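>>> Sharing a model that was predicted from the sequence below.
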Amino acid sequence: MKEEKNVVEAISETIANAIGDEDFVLPLAAWQTNGSQSDKINAAYIEEIKSYRASPASPCDKPTALKLLKRFAREDFREFWTASVLEYLPAVSEGTMKLCETVYPHDEAIRYAKELISTLSVKELAKDFLYGVARHAPEYRTALACYYYIQNLPAHEFEKKYVGSVVGKDGEFEDRYNENRCEICGYQHTVSTAPKMRFWHINVDMEHFYFKALIPFRFDLNTAILFLEEYKTLPRPTHSLADYEHFKKMIEVIEKSPQNTTSGKLRRELKQSGLLRMTMDQIEAFIDMLGYLNILHSNDSFGVTAGHVCEKDMLLPLSDRGYAAYPVNRWTRKCGIDYDSLSMLFDGIYE
């Protein structure tokens, strides 16, 4: 057990050292090269991957894989798009980085997700979350919310996602839909036709998992499955009641904050408390997680532990200056702290 603990803490320390006190800035992928150049780039990528599958790269150790993931995330998207991926393949062999996401048909994904959470202990997930907060181990902080997101998914058939209206040729508004994404669970059951884009997107998610504990964009089933699968590969940490005591000190900081404190202002309060060895980006993700876990929310919104909310029903922030995701995007200190949620999540988990 002592040796296993040392492995866990070594990995977490490597991640912490990789981040330091800097803001961890991801490249933006708001565009993609099209046309013949795109075809050539993807053809070259496909050849790289064929060669790798025929003769895989030797796996590196975990700290090296994390450094490669960090380098990948810092790469400018325009540079990555035309660069080789060969340097990252040792981390693919090790398992931290991925070639592409596994995508199931919608109904199969729902079944698989429910089976996945049946193999997990919610008490262990709660202890891991607290461990991840107290020990600066981001990779242990997302699984608890992912578990509840899947648990509370309603039985449903695929419903294509509404994405807005445009003015048609006849001057009338026409509704537009994403034919491949589910309105209910957000599941995207197809992948990009550009193989290199698949590599880019899946490893952006891996960076979110290992370095920020950030659930990207709005909660969806793809993310929940991916993060729980990765979580299951992690070494088991040694928990301590001291982790919960540390977390409760942060709740006290929130309790003492002024009544007009918003999620954006709360980032500074938590940073100044000295209780979190996190960057501001990580603290922002942590506050989002407090919303997902229904600890911070307004009276007209709630997190994934309380039930399921479709994206179309998620309420917008009270101000366009808000930073956080639903439901903490509508929270201010006067809304309070949901102690029932704290009790449901953490009472008795160390018994």
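Done, it's in. In this text, all values refer to a predicted model and were calculated from it rather than measured experimentally.
>>> what's the closest non-adjacent residue to Glu230?
Spatially, and ignoring its direct neighbours in sequence, Glu230 is nearest to Phe209 (5.6 Å; C-beta to C-beta, 6 or more residues apart in numbering). For the C-beta atoms, the positions are set from N, CA and C on the backbone; glycine is no exception.
>>> An error on my part: the question was meant for Leu130.
Asp243 (4.0 Å).
>>> Who are the contact partners of that neighbour?
By C-beta atoms under 8 Å, 6 or more residues apart in numbering, Asp243 lies in contact with Lys127, Leu130, Tyr131, Val133, Ala134, Arg135.
>>> Pretty sure the first one sits in a helix.
Read that as Lys127. Yes: according to DSSP: H, G, I helix; E, B strand; the rest coil, Lys127 belongs to a helix.
>>> quick one: the residue nearest to Glu230 from Lys98, how far?
11 Å (C-beta to C-beta, to the nearest Å).
>>> Compare these two and say which one has the larger neighbour count.
More crowded of Phe209 and Lys98, by other C-beta atoms under 10 Å: Phe209, with 25 against 18.
>>> my read: the more buried one touches Ala137, true?
No: using C-beta atoms under 8 Å, Phe209 is not in contact with Ala137, being 11.6 Å away.
>>> Only the buried residues of the helix or strand hosting Glu115, if you could.
In this assignment (DSSP states H and E), Glu115 forms part of helix 106-118. For helix 106-118, a neighbour-count test (16 or more other C-beta atoms under 10 Å) marks His106, Ala109, Ile110, Tyr112, Ala113, Leu116, Ile117 as buried.
>>> where's that helix relative to the chain centroid, distance-wise?
Remark: helix 106-118 is offset 18 Å from the chain centroid, using C-alpha atoms, centre = their mean, to the nearest Å.
>>> which residues touch Asn299?
Contact analysis of Asn299 by C-beta under 8 Å, 6+ apart lists Cys335.
>>> mind redoing it with 10 Å?
The neighbours of Asn299, taking C-beta atoms under 10 Å, 6 or more residues apart in numbering as the test, are Arg330, Trp331, Cys335, Gly336.
>>> can you check Ile46 too?
Counting by C-beta under 10 Å, 6+ apart, Ile46 touches Pro195, Lys196.
>>> Below-threshold pLDDT in the stretch 251-351 of the chain: ranges please.
The stretch 251-351 of the chain contains residues with pLDDT under 70 at 319-323.
>>> Okay, strands next: where are they in it?
With DSSP state E, counting those that start in this stretch as the definition, the stretch 251-351 of the chain shows no strands.
>>> just to revisit the earlier point, any shared contact partners between Phe209 and Ala137?
Leu234.
>>> out of the contacts of Asn299, which are buried?
Buried residues within those, counting neighbours by 16+ other C-beta under 10 Å: Arg330, Trp331, Cys335.
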